[in-house]
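What follows is a protein structure lacking sequence information:
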Ligand code: GLA
């Protein structure tokens, strides 16, 4: 991953590079041992299908997008990290010395965006890695809080930046020496823990894995139990991926998310108990049924058999997850055959499930999906990510993109009183890090 080859930088990385001398020029004169200018970045993601399945050890089918969060900076000779956020126009300072022990104390005096950086650095230190301080400008074009996982992009970019600025003390990559190298999947796991620390959301691995593992023109089918990955083609002249932002950000989303996760865990426990009780009552004992550790293990047949005995709310939550896992596998089969256009109906179904059974949609997300439904050439649309705001994802025939854009720009503000924004995304590559000749 580390390379000295000059190559095309993502647009946001280029902005960070350009800003670096302006922001840190004066500072640099006073610091000993500064190294070459380094750039590191990581992408946001969209999720084609497989929502709220990751923490149930199920399947997800995301792709990394052509929007990134980037660091441009230089290693310092000491253990201090000085960051300038171009988006927030704000400076933050982190002391590596004392992490992870000083995490809480440092987090309490940092702006929110810098807590994600702190959390990753803290997890890297907890993993025993030797970090060095650095000065860096941060910039990104992943819409903030808009459902494309700007926080995962920031976390993963932090890990790549920390490796770059460590001056070879540790590296990220599959083929590196074991003790001081992390695989991209290990980075994803570490960044997932960092997200828990920084935001209090007990998220699954979807966002961080998609950011770490993205490949141009491909979606990835991830088994969130085994972490096996299968790449599937996702590039077609005929269809486009359009992301529409509700511009709704709800504080309550974190506690509702954790509550959903806990309800799923409870449903899995109850279903496991029911099965066990039944088996014990059966003459001859143990039927050859699989154990249930999570909703991943509940097949549609098993669910149909036991669902009526679950409390209503848990029945709805679990019913959604069981059906969603099936949909992901079906969509993966279609992509494998190159039948991109055929996946649309599954997106509508997922939206209905998230709205009616999982109950994580909101009026603004539903409005965007209904506007899309009325545009001919939209093959499927649904809310994306945790819910209660954020974005919808729309699979659209290429010739209908402009019609969808104008329908949303006109109707959404009228219906909700909020601004609208629409972006077309492509499946793009994962993180990158390099030294930049200046
Ligand atoms: C958020 C979380 C992910 C995942 C989605 C819902 O994006 O960070 O782990 O659970 O919600 O699919």
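Here it is on my side, so go on. Keep in mind that this is a model prediction, so the values were computed, not measured.

How many residues are close by residue 86?
By other Cβ atoms under 10 Å, 19 other residues sit near residue 86. For every residue, glycine as well, the C-beta is placed using N, CA and C.

what residues does the protein put near the ligand?
51, 52, 54, 55, 203, 204, 206, 207, 385, 386 (Cβ under 6 Å from any ligand atom).

Hmm, the fifth one is touching residue 60, no?
No - counting by Cβ atoms under 8 Å, residue 203 does not reach residue 60; the two are 11.9 Å apart.

Comparing the two, which residue is more hemmed in?
residue 60 (28 against 23).

Quick check: residue 261 touching residue 55?
Yes - between residue 261 and residue 55 there is a contact at 5.2 Å, judged by Cβ under 8 Å.

Mind listing the shared neighbours of the two?
Contact criterion Cβ atoms under 8 Å, 6 or more residues apart in numbering; residues shared by residue 261 and residue 55: residue 202.

And the two? Which one has more around it.
Set residue 261 next to residue 55 and count neighbours by other Cβ under 10 Å: residue 55 wins out with 22 against 19.

show me what contacts that one?
Counting by Cβ under 8 Å, 6+ apart, residue 55 has contacts 202, 203, 204, 224, 261, 264.

for this protein, what are the low-confidence residue spans?
1-7, 26-35, 175-179, 283-290, 438 (pLDDT under 70).

what about 90?
Counting by pLDDT under 90, the chain has low-confidence residues at 1-8, 25-36, 77, 143-147, 167-169, 173-181, 235-236, 249-254, 275-291, 436-438.

which one's the longest helix in it?
helix 253-281 (DSSP state H).

who's in contact with the helix or strand just after that helix?
As assigned by DSSP states H and E, the chain's next helix or strand after helix 253-281 is helix 300-306. Residues outside helix 300-306 that contact it (Cβ under 8 Å, 6+ apart) are 271, 274, 275, 289, 318, 319, 322, 323, 326.

Would you mind listing which of these are buried?
Buried members of the contacts of helix 300-306, counted by 16 or more other Cβ atoms under 10 Å: 271, 274, 275, 318, 319, 322.

so which helix or strand takes in the fourth one?
Assignment of secondary structure by DSSP H and E places residue 318 within helix 312-336.

Quick one: list the elements packing against that helix.
Using 3 or more Cβ pairs under 8 Å, 6 or more residues apart in numbering; DSSP states H and E as the contact criterion, the elements in contact with helix 312-336 are strand 38-49, strand 59-75, strand 218-223, strand 229-233, helix 253-281, helix 300-306, helix 344-356.

Give the full set of residues in contact with the residue nearest the centre of the chain.
The centre of the chain sits closest to residue 207, judged by Cα atoms, centre = their mean, with a distance of 1.7 Å. Contact analysis of residue 207 by Cβ under 8 Å, 6+ apart lists 45, 62, 149, 151, 152, 195.
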